[in-house]
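J.: sharing a model that was predicted from the sequence below.
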Amino acid sequence: MSLATIDRSTSSIANDFAAASPRPIIDETPSQPGRLRAVPAGTEARGFVLYVGVDELKALEAGTDLGAIVEQLKALTKQLVPTSETYAAVALAPQGAGGRDVDVVRLALQDPSALAKHRNTPEPETPVRGGVIIDISRKRVLLDNESAPLTYKEFELLQYLVLREGRTIDRSELISSLWGEGEDDIPNERTIDVHVRRLRSKLGAYEDIVRTVRGVGYRFDRHADVSIRQATTPSPDFF
């Protein structure tokens, strides 16, 4: 529905819609019939903002990218209103920022209601850092004594790097070793970077244990607060 003023006197379709809609939606005055109550008196609606919550990996899994989505939305707006003008801005947020994608986007783009809610949310107490435990025997990662929400494939990716500590692994090796032939979601060298970024975001304050070696690939970088737990027998992944 457009945010523009609705002129119900010149459209039979608008009359039908008004008859079927709850009366409080429209605020009528003799000078401004059919004016939306959301628009304060003395002002006029000039456009709208649509917040879209979708990250790079979700877009890629759907067979598209953020740029293509933006262009299609802009094209649709031009199709509906040829004289309309559009402006798009990509919301950037710190890796690992919690919450729903759309809420993170609203906060990043300084939405007033999102900012007000954020200011009224009490800051959590700073937890005592307990380091990182990569438990290969149980297939889990503990961050400051809390279990990290890694997917199976994200853990396999981290484990592959951990068991080859000190060696930089190129992207093609990660793909060929972690994704078998016939799998539907085999990444390419472009999307493997997105998988690594998602893994690092879930590692939070310890994201730098997965180090990017520019132009080569990725490497596990052990810190003093990182410990590895392995089973009594070597992992079958290590060869």
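T.: Ah, there it is.

J.: now Thr83: which helix or strand?
T.: Following DSSP states H and E, there is no helix or strand that holds Thr83.

J.: which residue lies nearest the spatial centre of this protein?
T.: Compute the mean C-alpha point of the chain, and by C-alpha atoms, centre = their mean the closest residue is Asp55, 3.4 Å away.

J.: how about the strands in this protein?
T.: Taking DSSP state E, the strands of the chain run over residues 26-27, 35-36, 132-135, 140-143, 146-147, 169-170, 210-213, 217-220, 226-229.

J.: make CSV out of those and add distance to Arg119, mean neighbour count and mean pLDDT.
T.: Where C-beta positions appear, they are placed from N, C-alpha and C, glycine not excepted. Written out in CSV, the entries for the strands of the chain read as follows (distance: least, C-beta to C-beta, whole Å; neighbours: other C-beta atoms under 10 Å; pLDDT from 0 to 100):
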stretch, distance to Arg119, mean neighbour count, mean pLDDT
strand 26-27, 31, 16, 44
strand 35-36, 28, 17, 50
strand 132-135, 32, 20, 91
strand 140-143, 27, 19, 92
strand 146-147, 26, 11, 91
strand 169-170, 43, 16, 92
strand 210-213, 33, 15, 91
strand 217-220, 38, 21, 92
strand 226-229, 35, 14, 87
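
J.: separation between Leu92 and Lys139?
T.: According to C-beta to C-beta, to the nearest Å, Leu92 stands 32 Å off from Lys139.

J.: let's have the strands of the chain in TSV, adding distance to Gln159.
T.: Output for those, formatted as TSV (distance: least, C-beta to C-beta, whole Å):
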stretch	distance to Gln159
strand 26-27	60
strand 35-36	56
strand 132-135	8
strand 140-143	9
strand 146-147	16
strand 169-170	12
strand 210-213	12
strand 217-220	9
strand 226-229	10
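
J.: sketch out the low-pLDDT regions of the chain for me.
T.: Counting by pLDDT under 70, the low-confidence segments of the chain come to 1-39, 95-98, 118, 121, 123-129, 182-184, 231-239.
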